[in-house]
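S.K.: sequence and predicted structure are below.
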Amino acid sequence: MSTPASTATPVDRTLLRDRDFLLFAGGQGASTLGDALSKTALPLLVLALTGSGLHMGVIAMLSALPMVVLGLPAGAWADRFDRRRMMLWSDVGRTLLVGAVPLAVVLGVPVLPVLYAIAVPVGVLYAVFEAACLSCVPSLVGRDRLGEANSLLSIGNALGYIAGPALAGVLVTGIGGAGTLGVDALTFAVSAATLMLIRRPLQTVREHAPAPMRRQVLEGFRFIAGHRLLRAALLYWAAVTFFTSPIIICATYFIREDLGWSPGVLGTIIAVYAVGAILGAVLASRIKEGSVAVMCAGTVLGSVALLVLSGTESLPLALGVVLIAGGGESLSAIVYSTLRARLIPDELLGRVTTTAQVAAFSLKPLSVLVAGIALEATSGSVTLAVIGLSCIAISIAFAGFGRRLSAAPEAAFPVTLTPEEVAP
């Protein structure tokens, strides 16, 4: 079903002058700033409380598990229910849960059990939010503006990661890791407020009642099964994500434990990475169609930089390579998301997108747990090197195969299921 003209941004109008898009981007930018604070402060907090890379990996694993379990039904919910309300209540819930960490400090409650207690609920709300958020962008801006929208959103995200780590270094020193997580909780409230101000619908109007949940989920699977390029890109990204998911905790361990650098240096390194991500997003905005070759090249560039980082003890060299890593990985991620969104019709967008997310993140709990064990058994340097080498090998192997699929005509494959196919 096509997006009504009244709900999409006119092609000749820049998104930088579109009120609803700017509200959406601003809310997500605030949330990203909070995420940057959290991703810097949380590993430092766990490390300060336990001194253990394994605890870092276990908490990350618990946060990732809900996406594996709820990703598919959440995608169907995003096609079935109001996406704005799904995001709004997810933000409200995360405000309360993450806010419990600084509250525990005020009340004198041990913080580590609180971190374990909120990990799964926060992961549940993240899964619901992501299903709705990833599905609403085409309806918000129109499919002709997907590349521009994804690039601008990525730039906003990168700006959050420039300010966030540096701010986190100051906040962790001044108010501690738990207090810094309290600031993260406030950013979820800002995101919720912007969602309430958006006037434009975040999904197309349905002419028929939604199909039963089982049928919706199976139709999403059917579409992926019948689209060779989408299926191959999904599997590629799942493999890359398996290795890159624990980068933050591995880099934190490497910088703090292997090299002995301060939290302020860690924040600076993450901020420089975000500058590189902005440069990659600007480059990606010039690419109108998703390209398998560019996607793989971006991953290889970022992985080579990560490999160099794992072997350096020089801060200037580390800053240079993380700038390159940020650019390559941002370029790859934007091209992938644009390619994926262009291949999926709006009425299937929630289901197929979250199926792709589940495929990408289904092994994340195992990935971060293995990374935590590897950090304990070896070092941050060795673990980062293995991540970089693995992503290079996967990208080189996929590049030629993906190009052949892009050039081949797509076979017809029916999406709508018969009652017999839906029945148990």
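M.R.: Ah, there it is.

S.K.: show me the shaky parts of the stretch 301-424 of the chain.
M.R.: Residues of the stretch 301-424 of the chain meeting the criterion pLDDT under 70: 346-347, 349-351, 354, 359, 361, 401-424.

S.K.: how about a cut-off of 90?
M.R.: Filtered on pLDDT under 90, the stretch 301-424 of the chain yields the residue ranges 312, 326-327, 329-373, 375-380, 397-424.

S.K.: again, but for the stretch 151-300 of the chain
M.R.: 151-185, 187, 195-196, 198-239, 241-242, 244-253, 255-258, 260-295.

S.K.: which strands and helices sit next to the stretch of helix or strand G400 belongs to?
M.R.: Using DSSP states H and E, the element containing G400 is helix 380-407. Here helix 380-407 touches helix 228-244, helix 247-253, helix 292-310, helix 364-377, going by 3 or more C-beta pairs under 8 Å, 6 or more residues apart in numbering; DSSP states H and E. In this view, the C-beta of every residue, glycine as well, is placed from N, C-alpha and C.

S.K.: just the buried residues of stretch 75-88, please?
M.R.: The neighbour-count check on stretch 75-88 (16 or more other C-beta atoms under 10 Å) flags G75, A76, W77, A78, D79, R80, R83, R84, M86, M87, L88 as buried.

S.K.: reformat these as CSV; add distance to T299, secondary structure and pLDDT.
M.R.: Listed next are the buried residues of stretch 75-88 as CSV, based on distance: C-beta to C-beta, whole Å; DSSP: H, G, I helix; E, B strand; the rest coil; pLDDT from 0 to 100:
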residue, distance to T299, secondary structure, pLDDT
G75, 25, helix, 74
A76, 30, helix, 74
W77, 31, helix, 78
A78, 27, helix, 77
D79, 30, helix, 75
R80, 34, helix, 76
R83, 30, helix, 85
R84, 33, helix, 87
M86, 31, helix, 89
M87, 29, helix, 89
L88, 34, helix, 90
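
S.K.: among those residues, which two are most distant?
M.R.: The span of the buried residues of stretch 75-88, defined through C-beta to C-beta, is set by A76 and L88 at 18.8 Å.

S.K.: how about M61, secondary structure?
M.R.: Reduced to three states with DSSP: H, G, I helix; E, B strand; the rest coil, the structure at M61 is helix.

S.K.: mind listing what G174 touches?
M.R.: If you count contacts by C-beta atoms under 8 Å, 6 or more residues apart in numbering, G174 has none.

S.K.: tell me the contacts of the nearest residue to I324 once chain neighbours are set aside?
M.R.: Of all residues not flanking I324 in the chain, A305 sits nearest, at 4.1 Å (C-beta to C-beta, 6 or more residues apart in numbering). Contacts for A305 (C-beta under 8 Å, 6+ apart) come out as V321, V322, I324, A325, G328, G388.

S.K.: got a list of contacts for stretch 335-343?
M.R.: 134, 137-138, 143, 146-147, 150, 227, 229-230, 233-234, 237, 284, 287, 289-292, 294-295, 298, 349, 353, 356.

S.K.: again with stretch 164-173
M.R.: 32-37, 39-41, 44-45, 179-180, 183, 262-264, 266-271, 274.

S.K.: now do stretch 370-377
M.R.: Contacts of stretch 370-377 (C-beta under 8 Å, 6+ apart): 52-58, 60-61, 245-246, 249-250, 253, 382-383, 386.

S.K.: of those residues, grab the buried ones for PyMOL.
M.R.: To isolate the buried ones among the contacts of stretch 370-377 in PyMOL, judged by 16+ other C-beta under 10 Å, type:
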select buried, resi 53+54+55+56+57+58+60+61+245+246+249+250+253+382+383+386
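
S.K.: buried set for stretch 29-48?
M.R.: Buried residues in stretch 29-48, counted by 16+ other C-beta under 10 Å: 29-47.

S.K.: quick one: mean pLDDT for that stretch?
M.R.: The average pLDDT for stretch 29-48 rounds to 80.

S.K.: next one: stretch 123-137
M.R.: For stretch 123-137, the mean pLDDT works out to 83.
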